[in-house]
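# just need the structure, nothing else, for what follows:
(one chain, ligands or ions: 1)
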Amino acid sequence: MNRIFLSGLLICASCGPRQAPTASPPYDPSVLTGESAYREVKQFVALGPKVPGTEGARRAATALINRLTSLGVTAERDEFRDATPEGTGVFINVTATLPGAKPGLIILAAHWDTKSGIEGFVGANDSGSGVGVLLALAPILKAGTKERPSVMLAFLDGEECQVNYGPNDGLHGSRHLAAGLVASGKARTVRAMILLDMIGDRDLNVAIPWNGTPELISAVFKAAEANGTREKFSLSRQGVLDDHQPFLDAGMPAVDLIDFDYGSAPGLNDYWHTPADTLDKLSPASLETVGRVVLRMLNGLYYSASGSLSPAN
Ligand SMILES: [Zn+2]
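Okay, here's the model as predicted:
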């Protein structure tokens with residue numbers, strides 16, 4: 001990612017009355033370690049560039065599925081074609097759904113493709129970081145309580161645009177998944193889509209784009225507070241066009257956890273979409289912070305009989 005496409009002030013967030021959670025939080029956030037997430041990022045980045053439709057992307061998709069399988073999670077490969085500025089492109093979404101005992105679906109997502117046209121680009125932060133945290137979460141969700149809605153881990157292809165974001169360029173995987181959920185009638189069961197993008201920066205500052213569901217933005221802050229890492233999270237005055245947007249457009253609650261200030265000094269962003277986006281710019285501590293906040297959000301995503309979210313961490 002990502003292109004900032006909006007600016008303005010979002011006043012957050014009138015979330016209304018909350019109901020007390022009906023059970024104790026099911027996950028111990030400390031189970032997720034930064035080292036485990038970092039190892040996953042490292043292995044994934046070592047696979048090389050993952051430009052959609054290339055042999056490298058095919059190998060990476062297979063490696064993702066194999067890794068999920070080795071973690072005890074059944075993965076599905078969804079290969080599809082979509083129009084791009086350079087003709088029809090081939091994309092591969094990888095999803096793994098962990099069934100829960102409660103109704104509804106929570107989607108945890110990250111894109112796994114890497115930006116094309118940049119010599120030497122490996123995408124440690126963009127896209128390795130989000131993938132690594134999702135992979136680190138997989139065995140925890142698998143082993144933990146099922147007293148939760150079902151959780152889908154969604155590894156989305158084709159987030160990056162070739163030329164400029166538009167109906168035929170970028171967000172291919174997220175648009176495909178969102179459309180599929182709408183077509184199958186499952187979209188109305190989605191309680192949250194939580195997107196992780198560029199969350200490994202050593203100097204972590206997750207600035208949540210204002211184009212997100214207010215209740216989920218509020219839930220992030222509550223989780224961050226409970227995690228003791230509230231200072232790492234803020235609400236951005238800018239919106240960001242990212243993989244959560246197709247879900248918002250389809251009426252599903254969604255939020256983007258992204259640190260879009262990735263560079264050698266604040267504001268430079270000179271590691272973003274350059275060969276400098278390498279593992280040494282990341283830290284296990286940042287991955288751990290975001291992973292644990294996600295677990296705390298899951299703990300808080302109880303909802304009332306009316307279906308409204310009731311974050312409580
Ligand atoms: Zn990018």
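# nearest residue to the closest residue to the ion within the stretch 51-200 of the chain in space, please, no chain neighbours.
Using CB to the ion, the single residue of the stretch 51-200 of the chain nearest to the ion is residue 126, 4.2 Å away. From N, CA and C alone the C-beta is placed, and that goes for glycine too. Leaving out its chain neighbours, the residue that sits closest to residue 126 by CB to CB, 6 or more residues apart in numbering is residue 198, at 5.0 Å.
# so that neighbour touches residue 260, yeah?
Yes. In this structure, residue 198 is within contact of residue 260 by CB atoms under 8 Å, at 6.4 Å.
# higher neighbour count, those two?
Neighbours were tallied for residue 198 and for residue 260 using other CB atoms under 10 Å; the higher tally belongs to residue 198 (30 against 23).
# list the residues that contact the more buried one.
1, 2, 125, 126, 129, 130, 258, 259, 260, 262, 272 (CB atoms under 8 Å, 6 or more residues apart in numbering).
# okay, now the fourth one: neighbour count?
If I follow you right, that is residue 126. For residue 126, the neighbour count with other CB under 10 Å is 29.
# what values do phi and psi take at it?
phi -120, psi 80 (degrees, to the nearest 10).
# quick one: the strands in the protein?
For the chain, the strands defined by DSSP state E cover 3-7, 76-84, 87-98, 102-111, 149-156, 190-197, 206-208, 233-235, 238-241, 254-258, 302-303, 309-310.
# so which of those is nearest residue 139?
Evaluated over the strands of the chain, closeness to residue 139 peaks at strand 87-98, with 10.3 Å, by CB to CB.
# distance from the closest one to the middle of the chain?
Averaging C-alpha positions (CA atoms, centre = their mean, to the nearest Å) puts strand 87-98 15 Å from its chain's average.
# buried sites along that strand?
Across strand 87-98, burial judged by 16 or more other CB atoms under 10 Å covers 89, 90, 91, 92, 93, 94, 95, 96, 97, 98.
# can you tell me the closest non-neighbouring residue to the second one?
Residue nearest to residue 90 in three dimensions, not counting chain neighbours: residue 53, with 4.6 Å by CB to CB, 6+ apart.
# what of residue 140?
Closest to residue 140 by CB to CB, 6+ apart is residue 31, at 5.4 Å.
# now swap in residue 72 and tell me
The shortest distance from residue 72 to any non-neighbouring residue, by CB to CB, 6+ apart, is to residue 142 (5.1 Å).
# perfect, I'm done here.
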